[in-house]
Every structure is written in structure tokens, then in C-alpha cells.
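*Asks:* below are the sequence and a predicted model; questions follow.
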Amino acid sequence: MLAKTYGSAVHGVDARTIMVEVSVEQGTKFFMSGLPDSAIKESQHRVEAALKTCGFFMPRNKTVVNLAPADIRKEGSAYDLPIALCVLKASGQIASETLDHYLIMGELSLDGALRPIKGVLPIAIQAASEGFKGFILPEDNAREAAVVGNLDVFPVKSLKHAVDFLTGKVAIESLRIDSKEVFAAQLNTYDTDFKDVQGQENIKRALEIAAAGGHNVIMIGPPGAGKTMLAKRLPTILPPLSLQEALETTKIHSVAGKLSRETGLLTMRPFRSPHHTVSDVALVGGGGNPQPGEISLAHNGVLFLDELPEFKRTVLEVMRQPMEERKVTISRAKVSIDYPANFMLVASMNPCPCGFYNHPEKECVCAPGIVQRYLSKVSGPLLDRIDLHVEVVPVSFDEMTANRKVETSEVIRERVVRAREIQSSRFSGQTYVYCNAMMPSNMVKKICNINDAGKSLLKTAMERLGLSARAYDRILKVSRTIADLTGSEEIKTEHLAEAIQYRSLDREGWAG
């Protein structure tokens, strides 16, 4: 007897529907076809134990399981539940006329309970687009799938629970979540705020510019100056996620298995801070079964690299292309996967190994040439891709204890949102360009026009600082953002002057 239902395979951040077929006929042994990986091949033992625990039996006849299309490799343990249900129907232990009307996924434990799986959101989106009657899945993943509004989601606790639902013994109410309501309720609920930061007004200004234009930024200063504290508060002044951005970000975290049971939709911009011992693959993604890396998990958010020179040089260099293209392509012999990687890079570093070069009070004890060698760990091409270089000076005691009124993140965010609205209008007819930092060179020439006084100022800065052509474009983009923050249609000389000072930490001018 033949039985079939449907599952799904996730490739990158998209899903593809897989037909699960089981045939039980005369003969012996258990066979599995359709390019399954080791986890799927081992499902025979999990399915057999779960069936026995739930009061069923594994047929001793010839049992063939096929996952179609057979030329696509399938991975993971999420096919346990559809295989078990098809085995029950094919062996005549249950009668269900609607088994092939559903998309079914779930990992079985030996007692028949269901464990959560990865990649539920892209699977649910695909199931809704193909018009399935519903999606049967583990209870722990239900909120994530219910974000897709036009799909009936049926959470089940165990194999027995799924059998009772399909045979009509138990009615399960479809889980419905108003994604817009959830999104609005949890928007901008951050635990940190810029009002907690005393002093450092120049750094706050630089971070406001970075947030307004989507620019990358690096902070250089001694230990304890507040670099990490400031970086952690950057997401609080970024524009709120749109619903589309939230879905994109949630899909990536779903594929990586980073969503908790209570989280159906990510409503805050992600902040990822990998340790400096991170590997190339962990940062950009990859592996035998390609998974998104930290730069993709930071999509639509912030990637913070603390103590930048301590990262391996190869790790930093693999970021250069994704920073330009806003995506990372992972290529294997038989498959090529694109993961989005539209992130803001925020980096911090000490000015030298001892940490006190250029400190206003403490003396640097590094030997001659050590500072230059330390800064050389970060390559010129990578520094060129960072728009703002900011020196962080320790806060004095008087500043820390002053009762001065400090702007909240909400106030700063309002200015950032206004600047982003100007940019949104400016780039309304463009594809993949949403903010000033994303402008290609040909667009910079059209949009970032400067007068003769500005050209003279920029020429002098280029010659004295030894800046590259890419740095020239970065200065124009930053000055355009500063003009947007002030509501100016033209880039004025003062806007250029402020933008130029944020390139003053290029290596040629910093350590020599």
C-alpha cells in the first residue's frame, strides 16, 4: 500500500516542498531513497521506537521511503513525523484521507514526543504560497509559523496527538497570530538607552550620523573609555524595523535555529558581537550543510567587532566583499546559496597594545614602531570601507558626576528617522539602495554635488591625509547624511568639514 504527504527542504533562506512517499509491500528490509543525509537515515530507529511507544508497530514487510525530488539532497531530522505518519497509513494502521493535504514536519523522540525544528518560517511561507490546507508541526515552533497569516497552523505535542488529529478523534484549533499587532506591541523595547551615557557628546554625534546614513564606524580609544557601552546602544537609535525587514531577519534566525519558543517575530534590530576567536566560517557562514554566519544574523542590524586587531586577518578580509555587495554567496560543488548581509559594522580597538597611546593622562609604554605595527593588523582596504573613524577619549570625573540633562535614544531616533525619510524619498526609484551608505559611485557623483569651496577643502584633506578614491566617496556620503540631518538640500562646507574629521584616524595620520 502507498501513502504520501509533504515536507520541506530549506536552502539558504528559502524552502522547497518535498513529497514524502512510503510503500509497504511483500518482502523484507527497510529502504530509503532520495539523497537523505545521515540524520534522515537514522530516522528508521527513531520512528520505530516512537511507533512502539504510541501503541503502533513498525511493519516487517518491505518498506520503501522516498523523498522526492530524488536528485535534491535532504538534511536534518525534521522528516521523522511525516515518515512515521506515512508508514502508519501505508501499513493500514490508520485511515486518513487528508494526510496529503497538509505539510508536516517534526523530529520524533523515542517516546513519541515532538522536538522543535529549524527553518519553520521559510517553510510556512512556502506552504502558504502553495495553498496547503495546513501546516502540522511541533508545538514549540507554532508561534513562529503562525506569523504567516494566510496559513492554518496546527501545533501537535506528539506522534499520537498528530494521529488523533488526522483521524478525526481530536480537534486542534488553528493557531492565529496578528503579526502586525505583535510587531507594534514589541517595537523599540530596548533595555539600554543613550540617556545612561554621561559625556561623550562627540561620539554620540558620530553614531547618530552613522545611524542616519547606515554608515560603518570604528571607535579608537583606551580601555574603559566607553566604546562597548556606546556600541551596544546604537540599535536603540536606528529606525524601527519595517514588517518586511522583520520577516527577512526572522527567516535567517529561523534557519539558524536561533529563535526561542516565545519569539514568533523579531521586532528589534539584531546586535551581534562575536568573540575575536571566531572563525571565517562562523563569521560569513558555510559548513558542510551551509548555515548563515554572524554577518547574516546581523542582517538589518549591527555587527559589533570589539578589539578589532585581535581578530585573525583572514577573518576580517573575508568581510570585504559582503560589506560592498550586502550579501554573502556560499558556493559548494553542487549548490550555491546566497544569504543577505545588509548590516552596519561597528568596530572598536585600542590605539596600541598597552592601550594608552594619545591618552590625555597616562603614558604609553609601547616601544617605537609598535603602535604602527599594531594598527597594521587592520588592512587599509578594510579601513577604507569604514566611513567614520572616531577617537574616544575617557570621560572626566566632572562629566560623569554632572547632573546635565542627557538626550534619550527616542529623541535621537526621531532625528535619524527624519533623515532616513529624506533618503527614502531620494532613492524611491532605485533598487537595493535605501540609505546614503549604499549609494554606488555613479550615484554619488549625481547626488553629492559640492561647490568650489568644498572641492578645495576636500582636495587639501585628500592630499594631507593620503586618502584613497574610496575614502573620497565615503566623505561625500557622510557629508550628504550630515546635510540630511540638518534638512539641507545642498552639501555645505561645514558638512564636508565635519565629514572629513571622521577620516582623521586613517593609519597614516594616526600613528605617525
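*Replies:* Looks like it came in fine.
*Asks:* from residue 156, how far off is residue 404?
*Replies:* 57 Å (C-beta to C-beta, to the nearest Å). All C-beta atoms are positioned from the backbone trio N, CA, C, and that covers glycine.
*Asks:* more neighbours: which of the two?
*Replies:* Neighbour totals were compared for residue 404 and residue 156, and residue 156 leads with 24 against 9 (other C-beta atoms under 10 Å).
*Asks:* hey, what's the more buried one bridged with?
*Replies:* Counting by DSSP bridges, residue 156 is bridged to residue 138.
*Asks:* pretty sure it sits against residue 108.
*Replies:* No: assessed by C-beta atoms under 8 Å, residue 156 is found out of contact with residue 108, at 11.2 Å.
*Asks:* and for the two, which residues touch both?
*Replies:* residue 114 (C-beta atoms under 8 Å, 6 or more residues apart in numbering).
*Asks:* find the nearest non-adjacent residue to the residue positioned nearest the centre of the chain, please.
*Replies:* By C-alpha atoms, centre = their mean, the chain has its centre lying nearest to residue 297, at 2.4 Å. Counting by C-beta to C-beta, 6 or more residues apart in numbering, residue 272 is the residue found nearest to residue 297 once chain neighbours are left out, at 5.3 Å.
*Asks:* and what of residue 424?
*Replies:* Spatially, and ignoring its direct neighbours in sequence, residue 424 is nearest to residue 434 (6.9 Å; C-beta to C-beta, 6+ apart).
*Asks:* the one you found: neighbour count?
*Replies:* So residue 434, with other C-beta under 10 Å, has 17 neighbours.
*Asks:* gap between it and residue 119?
*Replies:* From residue 434 to residue 119 the distance is 26 Å (C-beta to C-beta).
*Asks:* buried ones in stretch 377-385?
*Replies:* By neighbour count on 16 or more other C-beta atoms under 10 Å, the buried set for stretch 377-385 is 378, 382, 383, 384, 385.
*Asks:* buried set for stretch 55-62?
*Replies:* Using 16+ other C-beta under 10 Å as the test for burial, stretch 55-62 gives 56, 58, 59, 61.
*Asks:* list the contacts of the third one.
*Replies:* Pointing back at residue 59 there. Counting by C-beta under 8 Å, 6+ apart, residue 59 makes contact with 24, 87, 90, 91.
*Asks:* which among the residues you listed gets closest to residue 8?
*Replies:* When these are ranked by distance to residue 8 (C-beta to C-beta), residue 87 comes first, at 19.1 Å.
*Asks:* return the distance of that closest one relative to residue 455.
*Replies:* From residue 87 over to residue 455 the distance is 75 Å, taken as C-beta to C-beta.
*Asks:* between these two, point out the one with more neighbours.
*Replies:* In terms of neighbours (other C-beta under 10 Å), residue 87 is the more surrounded of residue 87 and residue 455; the figures are 25 against 11.
*Asks:* next, that one: phi, psi?
*Replies:* phi -60, psi -40 (degrees, to the nearest 10).
*Asks:* quick check: closest non-adjacent residue to it.
*Replies:* Closest residue to residue 87 apart from its sequence neighbours, by C-beta to C-beta, 6+ apart: residue 22 at 5.3 Å.
*Asks:* right, and that neighbour touches residue 31 too?
*Replies:* No: in this structure, residue 22 is not within contact of residue 31 by C-beta under 8 Å, at 10.5 Å.
*Asks:* what touches both of the two?
*Replies:* Contacts common to residue 22 and residue 31, judged by C-beta under 8 Å, 6+ apart, are 63, 64, 65.
*Asks:* and those, which of them are in strands?
*Replies:* Residues of those located in strands (DSSP state E): 63, 64, 65.
*Asks:* just put those residues in TSV and tack on distance to residue 191, neighbour count and pLDDT.
*Replies:* Formatted as TSV, those follow (distance: C-beta to C-beta, whole Å; neighbours: other C-beta atoms under 10 Å; pLDDT from 0 to 100):
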residue	distance to residue 191	neighbour count	pLDDT
63	53	24	93
64	54	17	94
65	48	25	95
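*Asks:* among those residues, which one sits closest to residue 278?
*Replies:* Nearest to residue 278 among those is residue 65, at 38.8 Å by C-beta to C-beta.
*Asks:* gap between that closest one and residue 52?
*Replies:* 18 Å.
*Asks:* and residue 414, that's in a helix?
*Replies:* Yes: per DSSP: H, G, I helix; E, B strand; the rest coil, residue 414 lies within a helix segment.
*Asks:* that one and residue 237, how far apart?
*Replies:* 9 Å.
*Asks:* the two: which is more packed in?
*Replies:* Set residue 414 next to residue 237 and count neighbours by other C-beta under 10 Å: residue 237 wins out with 26 against 12.
*Asks:* about what we covered before: the contacts of residue 59 in strands, which ones?
*Replies:* residue 24.
*Asks:* reformat the contacts of residue 59 as TSV; add distance to residue 166 and pLDDT.
*Replies:* What follows is the contacts of residue 59, written out as TSV (distance: C-beta to C-beta, whole Å; pLDDT from 0 to 100):
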residue	distance to residue 166	pLDDT
24	18	92
87	13	95
90	14	93
91	15	92
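*Asks:* can you pick out the most distant pair from the contacts of residue 59?
*Replies:* Farthest pair in those, by C-beta to C-beta: 24 and 87, 7.2 Å.
*Asks:* overlap in contacts, the two.
*Replies:* In terms of C-beta under 8 Å, 6+ apart, residue 24 and residue 87 are both contacted by the residues 59, 63.
*Asks:* can you count the residues close to the residue lying closest to residue 394 once chain neighbours are set aside?
*Replies:* Excluding the flanking residues, the one nearest residue 394 by C-beta to C-beta, 6+ apart is residue 225, at 4.8 Å. By other C-beta under 10 Å, 22 other residues sit near residue 225.
*Asks:* burial of the closest residue in space to residue 174 that isn't next to it in sequence, as a residue count?
*Replies:* Closest residue to residue 174 apart from its sequence neighbours, by C-beta to C-beta, 6+ apart: residue 152 at 4.1 Å. Residue 152: 19 surrounding residues under other C-beta under 10 Å.
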